[in-house]
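Enquirer: based on what follows, work out the 3D shape:
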Amino acid sequence: MQPYGDVDSTLRAIAGRAEGFGRHAIGGLHGALYLVTSLSDDGPGSLREGCRRQEPLWIVFEVSGTIHLSSYLSVSSNKTVDGRGQRVKLTGKGLRLKECENIIICNLEFEGGRGHDVDGIQIKPNSRNIWIDRCSLRDYDDGLIDITRQSTDITVSRCYFAQHDKTMLIGADPTHVGDRCIRVTIHHCFFDGTNQRQPRLRFGKVHLYNNYTRNWKVYAICASVEAQIYSQCNIYEAGDKKKAYEFYTEKWLFRLRTKKRRSLAS
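Expert: Numbers count the residues shown, from 1 in each chain. Below is the predicted model of the structure:
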């Protein structure tokens, strides 16, 4: 079955169809339709104008092309940014989801974000019920998706990540215990030659399934500081000249080797 093959063909039928922790995200389901008619960074008919409005909106595009963002584009609560039917690329900066809820972002391209702490999609603080679906992200100066500062109930699905170093950070730092509430689902994503952080997790819970991580450089996934990862049916295909390591304590590894030697002697 194709993704969402059981829903009808109406525009808003995908609302609430996310799998996992972000399943309650309905975006702008109950709001008006907002048409993006301009590729300008701001002004009438721009994406920024729609995202900053306070009422629920389902945002669609009547134009294809590149929107160069001179600053972070903040998305307010109860918004769907729906790129289906057009090809829309965001560059320069990225999206900021700050203290908001009920957000759906789908079918957008993010490429070439420049500047200190510039992420493709930055989710912090205290944001919840978010679904990032079928987006392409590459080549930002910081992260592609960062989820920190008590942001939770988020699903990232069917996204493509490439040409990047520190791909996805979940959990801000070892001292921020508030991030224990974080819950994220990542599924059916393709990490294509990204160096590390697919994802990197502190605190919180992450469910990973049916993802493909190919030709990673430094490491595939990393968890520390009370982090919990439930991994199912993921493929991690290392590049050339990689070594596989099994992580045991020195005591356990010693016992394993001792047992093997004894069996051979008998």
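
Enquirer: can you give me the strands in the stretch 1-150 of the chain?
Expert: Secondary structure of the stretch 1-150 of the chain by DSSP state E, counting those that start in this stretch: the strands cover 32-36, 57-61, 65-68, 73-74, 79-82, 88-92, 95-97, 101-106, 109-113, 121-123, 128-133, 136-140, 145-147.

Enquirer: how long is stretch 85-105 end to end?
Expert: As for stretch 85-105, its first-to-last residue distance stands at 14 Å under the measure CA to CA, to the nearest Å.

Enquirer: with stretch 32-41 instead?
Expert: Taking CA to CA, stretch 32-41 runs 22 Å from one end to the other.

Enquirer: quick one: residues contacting Thr205.
Expert: Small correction: residue 205 is Lys, not Thr. If you count contacts by CB atoms under 8 Å, 6 or more residues apart in numbering, Lys205 has them with Ile182, Arg183, Val184, Gln228, Ile229, Tyr230. From N, CA and C alone the C-beta is placed, and that goes for glycine too.

Enquirer: can you count the residues close to the first one?
Expert: To tie it back to what came earlier, the one meant is Ile182. Burial of Ile182 is recorded as 28 neighbouring residues (other CB atoms under 10 Å).

Enquirer: how about the contacts made by the nearest residue in space to it that is not next to it in sequence?
Expert: Distances taken as CB to CB, 6 or more residues apart in numbering put Gly204 closest to Ile182, at 3.0 Å, once the chain neighbours are dropped. Residues counted as contacts of Gly204 (CB under 8 Å, 6+ apart) are Thr152, Ile170, Gly171, Asp179, Arg180, Cys181, Ile182, Arg183, Val184, Ala227, Gln228.

Enquirer: make TSV out of those and add distance to Gln163, secondary structure and pLDDT.
Expert: Formatted as TSV, the contacts of Gly204 follow (distance: CB to CB, whole Å; DSSP: H, G, I helix; E, B strand; the rest coil; pLDDT from 0 to 100):
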residue	distance to Gln163	secondary structure	pLDDT
Thr152	29	strand	98
Ile170	21	strand	97
Gly171	24	coil	94
Asp179	28	helix	94
Arg180	33	helix	95
Cys181	32	helix	96
Ile182	27	coil	97
Arg183	29	strand	98
Val184	23	strand	98
Ala227	26	coil	93
Gln228	30	strand	94
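
Enquirer: just among those residues, which is most surrounded?
Expert: Highest neighbour count within the contacts of Gly204: Ile170, with 30 neighbours (other CB under 10 Å).

Enquirer: hmm, Asp173 is touching Ser224, no?
Expert: No - applying CB atoms under 8 Å as the test, Asp173 and Ser224 come out as separate, 10.8 Å apart.

Enquirer: overlap in contacts, the two.
Expert: With contacts taken as CB under 8 Å, 6+ apart, the residues that reach both Asp173 and Ser224 are Arg202.

Enquirer: tally of neighbours for the spatially closest residue to Ala172 that is not a sequence neighbour?
Expert: Once its chain neighbours are removed from consideration, Ala172 has its nearest residue in Thr148; the separation is 3.9 Å (CB to CB, 6+ apart). Around Thr148 there are 24 other residues, counting by other CB under 10 Å.
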